[in-house]
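1. predicted coordinates and the sequence they were generated for:
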Amino acid sequence: MSFDLGVWKSKTALSRAEAEEIFARLCEADLSVVEPTADMEQFYAILTTRYPELDDVPESEIDRSPWSVRLDVSDRLRGHVAISIVWSRAKEVADFVRELAAECDLLCYDPQVQAVHYPASLSEQLRLRLFSENGTELDAPSADAIVQLIQSLTPDGNYFAIFERTDTRYMQTAVSDDGVFAIEYRDGGPERHYRCDPVNREQVVDAFQAYGEQDDQWRDMFAWQHLEF
């Protein structure tokens, strides 16, 4: 048993599901999902200077290494690094890996909790914007502001709201003439678009607040149905 992490270069702020899929494909030796970069070379060099590869550790000191197995890298050009850390060193080494990945402008994925850690360049893409049909726009809204905006939705003139992370990652809701709500989310490409209806206003508020806090509990709030386009 080990504590695993995956590090690679990404041009976009991947969703949890997208990062999970890429990590799984890398574990199956599908290297088509990453590209070698100088940033990865720098990351690997610094990481192995701090914590040498198992092959470079004298046999008499092997028990002192944090690695449970040799680092898994794409090739000499290193499009990714898959890391397996012994549990007794997990916090120390994982903290270092996450910080180093961010410094090298790389994404770090933690499959233990399905968490995606972004460098600053990708975090910029995750700025949340909430807007509604009547022209109200809120950047990084508070929980109270979310309540107020959802409460303002009516079938006549202000019937929808969109909570946007990027143009392909968002949650949206709309209220019908009979006051019933529908809620949808998109988590990347069109194949990752889901919907649930009917729901009530309070459920929409709870989901939007969780989405704004990047708390993935909203995923389990509804019986989501995949939408085909």
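-> Perfect, thanks for sending it. Numbering: from 1, shown residues only.
2. please work out how many residues are found near residue 36.
-> 18 (other C-beta atoms under 10 Å). From N, CA and C alone the C-beta is placed, and that goes for glycine too.
3. just to check, it is in contact with residue 73?
-> No. Here residue 36 does not reach residue 73: they are 9.8 Å apart, not a contact under C-beta atoms under 8 Å.
4. all strands of the protein, in order?
-> 3-8, 72-73, 80-85, 107-110, 115-117, 129-132, 137-139, 160-166, 169-175, 181-187, 193-199, 225-226 (DSSP state E).
5. how far does the second one sit from its chain's centre?
-> On the basis of C-alpha atoms, centre = their mean, to the nearest Å, strand 72-73 sits 22 Å off its chain's mean C-alpha point.
6. for it, give the mean pLDDT please.
-> Across strand 72-73, pLDDT averages out at 79.
7. could you list the residues in contact with it?
-> 26, 44, 80, 81, 82, 83, 84 (C-beta atoms under 8 Å, 6 or more residues apart in numbering).
8. what's the answer for the third one, then?
-> By C-beta under 8 Å, 6+ apart, the residues outside strand 80-85 that reach it are 2-8, 23, 26-27, 31, 34, 40, 43-44, 47, 66-69, 71-74, 93-94, 97.
9. got it, and the last one?
-> In this structure, residues lying in contact with strand 225-226 by C-beta under 8 Å, 6+ apart are 193, 194, 195, 196.
10. in those residues, find the pair that's most separated.
-> The largest separation in the contacts of strand 225-226, counting by C-beta to C-beta, is between 193 and 196 at 11.9 Å.
11. please enumerate the shared neighbours of these two.
-> residue 184.
12. quick check: the gap between residue 197 and residue 53.
-> 53 Å (C-beta to C-beta, to the nearest Å).
13. can you check residue 194 too?
-> 42 Å.
14. same question for residue 115.
-> 26 Å.
15. ok, the helix or strand of the chain at the bottom of the mean pLDDT ranking: who's next to it in the sheet?
-> Here the helix or strand of the chain ranked lowest by mean pLDDT, DSSP states H and E is strand 72-73, holding a mean of 79. Note on strand 72-73: by DSSP bridges, its sheet partners are strand 80-85 (antiparallel).
16. centre of the chain to the partner strand, how far?
-> 18 Å.
17. can you list the domains in this protein?
-> 3-124, 127-226 (automatic domain parsing).
18. least reliable of those going by mean pLDDT?
-> Across the domains of the chain, the lowest-scoring stretch is domain 3-124, with a mean of 90.
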